[in-house]
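> okay, structure incoming, though there's no sequence with it:
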């Protein structure tokens, strides 16, 4: 079982978080209005939550735009709940009191997360409440609409550009110099700083952890067109944390004290190459450890240091968005897609588990048809996966466990075959 720390959400004061919080604080201080846009998964919600904790009290109210409910009451109830007030009675009697509550509790700044989900009614309600605050209480409110968006798109701008007087007035309330802002995600140098912070977080499990040496590789994987479709060259915090925690969790479950390059490569494959792959869950269910196809690859190739190697190979920059989970070739799949399962499917592989683990080789060749599968012990048993018979007899050169033509299982091969890979 994995350690809870790998599942725990944590806030790290990244460069993105500093940029977003600087804009939020400026809006709060100046009581200005802004629409802030950032990539999905950049870390907007965690950053807003941290700012609200630092502010304390009810001076800053942060709510999430209602989903699938366009009524103004849905947004109004969000603000009442954020103030800690009971939500009861008719909306027609509660609505006029909302601004009075905001004035009473000293609220100065409103943040609406997921603002791209706001409806026309929600936006008109925001205008009405804030106008009431100015007119009746001389209490101006800062407002930041924080939305998810990619590229140069500006969510809600089509609404703000409508010719009706309501939207002309709404648009006029935005900051005159910075009405719409895009908060950029992380550069390669900023990724390095985040990795240094994560090394300290996970140091109790990996005393010799040094992820910064893989910065160029990690940055290259996470700016793949699959994860960065707008070619911004920026890395989101969500993708970075998925890659790092997956590799660390696999290493922890394997009892390793350091994270090997192959762990990061396998995690990148899952994020990029298998981004849209439909995973079949069958038999004993998901396995705890990754199926490393390149488990014996050395951390450096041709004498290059990790950073030099990453710069030269750009591991997955032009990789397709889907892939298969075995080392068979595409030609083999086409020939075997409609054939019956091999008779060795699901059978126990009689390899001593200590020999299997110590070898570092997890590829196993079917003794009946020659198809290869990456295997891991499940409950102390090594079982060959379900598979169709391999009909196209392409020479196998990958280093693997085999019993073909032998009386016992052993490791054979060693030359690298021509197969789809991360390199």
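Perfect, thanks for sending it. Because the structure is a prediction, the values reported are computed rather than measured.
> and the helix or strand containing residue 265, how far from the chain's centre?
Remark: residue 265 resides in helix 261-271, with elements defined by DSSP states H and E. Relative to the mean C-alpha coordinate of its chain, helix 261-271 is positioned 14 Å out (Cα atoms, centre = their mean, to the nearest Å).
> which neighbouring elements make contact with it?
Under the contact definition 3 or more Cβ pairs under 8 Å, 6 or more residues apart in numbering; DSSP states H and E, helix 261-271 sits against helix 215-222, helix 237-253. Every residue, glycine included, has its C-beta placed from N, CA and C.
> out of these, which one sits most buried?
Of all the helices and strands packed on helix 261-271, helix 215-222 carries the top mean neighbour count, a mean of 24, counting by mean count of other Cβ atoms under 10 Å.
> before we move on, back to that, could the helices and strands packed on helix 261-271 be laid out in TSV, adding mean pLDDT and distance to residue 121?
Formatted as TSV, these follow (pLDDT from 0 to 100; distance: least, Cβ to Cβ, whole Å):
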stretch	mean pLDDT	distance to residue 121
helix 215-222	93	38
helix 237-253	90	31
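> for residue 202, find the nearest of those helices.
Set against residue 202 and scored by Cβ to Cβ, these come closest in helix 237-253, at 5.8 Å.
> what angle separates the closest one from helix 215-222?
If you take axes from the mean of the first three to the mean of the last three Cα atoms, to 10 degrees, helix 237-253 sits at 120 degrees to helix 215-222.
> show me which residues of stretch 221-230 are buried.
Neighbour-count burial for stretch 221-230 flags 221-224, 226-228 (criterion: 16 or more other Cβ atoms under 10 Å).
> now, which of these sits nearest residue 353?
residue 221 (32.1 Å).
> what residues does residue 27 make contact with?
By Cβ atoms under 8 Å, 6 or more residues apart in numbering, the contact set of residue 27 is 33-34, 109, 142-144, 175.
> give me that answer again for 10 Å
Neighbouring residues of residue 27 by Cβ atoms under 10 Å, 6 or more residues apart in numbering: 33-34, 36, 109-111, 142-144, 175, 178, 181.
> out of those, which end up buried?
If we count by 16+ other Cβ under 10 Å, the contacts of residue 27 have these buried: 33-34, 36, 109-111, 142-144, 175, 181.
> got the residues you listed as JSON lines, with distance to residue 166 and secondary structure columns?
Below are the buried ones among the contacts of residue 27 laid out as JSON lines (distance: Cβ to Cβ, whole Å; DSSP: H, G, I helix; E, B strand; the rest coil):
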{"residue": "33", "distance to residue 166": "15", "secondary structure": "strand"}
{"residue": "34", "distance to residue 166": "19", "secondary structure": "strand"}
{"residue": "36", "distance to residue 166": "22", "secondary structure": "strand"}
{"residue": "109", "distance to residue 166": "23", "secondary structure": "strand"}
{"residue": "110", "distance to residue 166": "19", "secondary structure": "strand"}
{"residue": "111", "distance to residue 166": "22", "secondary structure": "strand"}
{"residue": "142", "distance to residue 166": "21", "secondary structure": "strand"}
{"residue": "143", "distance to residue 166": "16", "secondary structure": "strand"}
{"residue": "144", "distance to residue 166": "20", "secondary structure": "strand"}
{"residue": "175", "distance to residue 166": "19", "secondary structure": "coil"}
{"residue": "181", "distance to residue 166": "23", "secondary structure": "strand"}
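> can you tell me which of those residues is nearest residue 376?
residue 36 (44.6 Å).
> relative to residue 204, how far out is the closest one?
Distance of residue 36 to residue 204, given as Cβ to Cβ, to the nearest Å: 36 Å.
> please apply the same query to residue 365.
Per Cβ to Cβ, residue 365 is found 40 Å from residue 204.
> cool, residue 258 as well?
With the distance defined as Cβ to Cβ, residue 258 ends up 14 Å from residue 204.
> how long is stretch 106-124 end to end?
Start-to-end span of stretch 106-124 (Cα to Cα, to the nearest Å) is 23 Å.
> now do the buried residues in it.
For stretch 106-124, by 16+ other Cβ under 10 Å, it's 107-119, 121-123.
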